[in-house]
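Student: below is the structure, and that's it, no one-letter string:
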């Protein structure tokens, strides 16, 4: 007798249809995680660069204020008193 003559002999013993989605999810997981990681890294770089720029601007403003204070302290430098006052300001 042939295997086709028996009832129920035509059953396939392959993988169930639900397992076909598992490799697809696995293939999408790595690019998804890489994209999330790149986005996180880019965001951290952006915030760090912005922070560095703000700190640099603040330091520059402080330096300019100090330079202006020193220039004001030197005055005309026509008398010994002006020079002494300038040196006192510079040493602060």
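Tutor: Yep, it's here. Only a predicted model underlies this, so the values are computations on that prediction, with no experimental measurement involved.

Student: low pLDDT regions in the chain?
Tutor: Applying pLDDT under 70 to the chain picks out residues 1-24, 75-76.

Student: what helices or strands is the longest helix seen in it leaning on?
Tutor: In the chain, assigned by DSSP state H, the helix with the most residues is helix 21-74. If contacts are counted by 3 or more C-beta pairs under 8 Å, 6 or more residues apart in numbering; DSSP states H and E, helix 21-74 sits against helix 80-91. Using the backbone N, CA and C atoms, a C-beta is placed for each residue, glycine as well.

Student: got the angle between the helix it packs on and helix 21-74?
Tutor: 160 degrees (axes from the mean of the first three to the mean of the last three C-alpha atoms, to 10 degrees).

Student: give me the buried positions along helix 80-91.
Tutor: Within helix 80-91, the residues that count as buried by 16 or more other C-beta atoms under 10 Å are residue 86.

Student: what is that helix packed up against?
Tutor: helix 21-74.

Student: from the chain's centroid, how far away is the helix it packs on?
Tutor: 5 Å (C-alpha atoms, centre = their mean, to the nearest Å).

Student: ok, stretch 69-77 next?
Tutor: With C-alpha atoms, centre = their mean, you get 44 Å for stretch 69-77.

Student: for that stretch, which outside residues touch it?
Tutor: 82-83, 85-86, 89-90 (C-beta atoms under 8 Å, 6 or more residues apart in numbering).
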